[in-house]
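how would this look folded up:
(one chain, ligands or ions: 1)
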Amino acid sequence: MIKLIIFDLDDTLYNEIDFVYGGFMEVAVFLSNKYEINKDILFKDMVEILNSQGRGKIFDYICEKYHFEENIGNLVRIYRHHKPKIFLYNDAYEVLEKFKAKYKLGLITDGYKDTQWNKIKALNIEKYMDKIIVTDDYGKEYWKPSIRPFQMMLEYFNIKPEEAVYIGDNPNKDFLPCKELGINSIRIIRPIGDHMNTFLDEKHEANYNIKSLLELENILEELK
Ligand SMILES: [Mg+2]
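Numbering: from 1, shown residues only. Modelled structure (predicted):
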């Protein structure tokens, strides 16, 4: 019987690109005020670099293009500490409301701790979660695919792995620890998200794939 439902955060409960764009705009405004270049042009450039080069060096490219003399670390800080304007996906809101009374609910999320906590506050999901683990609070060795945050979660509730499910979107790291511990795993494949077109070998993939969190009820029924 399933007693505990654990969720991933980014791209599982809300659309991470909204956070990314919000951070870009914050940096664009900062640079725009300093160098008198239109913020919307800078923002559009950042989005184009993201789409063509991926993450990692976006602010380096911008500074190079416009000959800005900037400390990249400072721009990253502005990005990471911006106040996010993000919203739960409709299906996420619906299942959290529905499952709150029925199951124990948990959250395991990677990413810089201040950033992840800002997202959690902005989404106002602490009221749903019986236990939140921001892996970065415990150190880099707790980031997925480490099994440690999952062990912590099970120990906190004193629940067996087979009584828990984890729902995430990233086959690179979300499901390996679940498979290792025996936690049921479910992959959400949404229309938008960095990992939606990534398909790996069996040990990286979840036990179930879904397109909407509304499909969870049937799977939980099946796992009974
Ligand atoms: Mg995710």
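
wait, what's in contact with residue 29?
residue 39 (Cβ atoms under 8 Å, 6 or more residues apart in numbering). Quick note: C-beta positions are derived from backbone N, CA and C, even for glycine.

just give me the neighbour total for residue 74.
12 (other Cβ atoms under 10 Å).

helix or strand: which one has residue 149?
In this structure, residue 149 sits in helix 148-157 according to DSSP states H and E.

in that helix, what counts as buried?
By neighbour count on 16 or more other Cβ atoms under 10 Å, the buried set for helix 148-157 is 148-150, 152-154, 157.

identify, from these, the entry nearest to the ion.
Of all the buried residues of helix 148-157, the ion sits closest to residue 149, with 13.5 Å by Cβ to the ion.

I'd say the closest one and residue 139 touch.
No - using Cβ atoms under 8 Å, residue 149 and residue 139 do not qualify as a contacting pair, with a distance of 10.7 Å.

next one: the nearest residue to residue 203 once chain neighbours are set aside from the ion, what distance?
Distance criterion Cβ to Cβ, 6 or more residues apart in numbering; nearest residue to residue 203, sequence neighbours excluded, is residue 179 at 5.8 Å. Note on residue 179: its distance to the ion, by Cβ to the ion, to the nearest Å, is 17 Å.

what's the one helix or strand residue 179 maps to in contact with?
Assigned by DSSP H and E, residue 179 falls within helix 176-181. The contact list for helix 176-181 (Cβ under 8 Å, 6+ apart) reads 144-147, 149-151, 154, 161, 166, 183-185, 203-204, 206.

circling back to that earlier point, between the buried residues of helix 148-157, which is closest to residue 58?
residue 149 (28.4 Å; Cβ to Cβ).

contacts only, for residue 110.
116, 135-136, 143-144, 173.

how about 10 Å then?
8-10, 116, 133-136, 140, 142-146, 149, 170, 173-174 (Cβ atoms under 10 Å, 6 or more residues apart in numbering).

please name the bridge partners of the residue nearest to residue 174 when sequence neighbours are not counted.
Of all residues not flanking residue 174 in the chain, residue 168 sits nearest, at 3.2 Å (Cβ to Cβ, 6+ apart). According to DSSP bridges, the residues that bridge with residue 168 are residue 187.

this protein: helices as residue ranges?
All helices of the chain, identified by DSSP state H, fall at 16-35, 39-53, 58-66, 72-81, 90-99, 113-123, 148-157, 176-181, 216-223.

next, format those as JSON lines and append mean pLDDT.
Listed next are those as JSON lines, based on pLDDT from 0 to 100:
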{"stretch": "helix 16-35", "mean pLDDT": "98"}
{"stretch": "helix 39-53", "mean pLDDT": "97"}
{"stretch": "helix 58-66", "mean pLDDT": "97"}
{"stretch": "helix 72-81", "mean pLDDT": "97"}
{"stretch": "helix 90-99", "mean pLDDT": "98"}
{"stretch": "helix 113-123", "mean pLDDT": "98"}
{"stretch": "helix 148-157", "mean pLDDT": "98"}
{"stretch": "helix 176-181", "mean pLDDT": "98"}
{"stretch": "helix 216-223", "mean pLDDT": "94"}
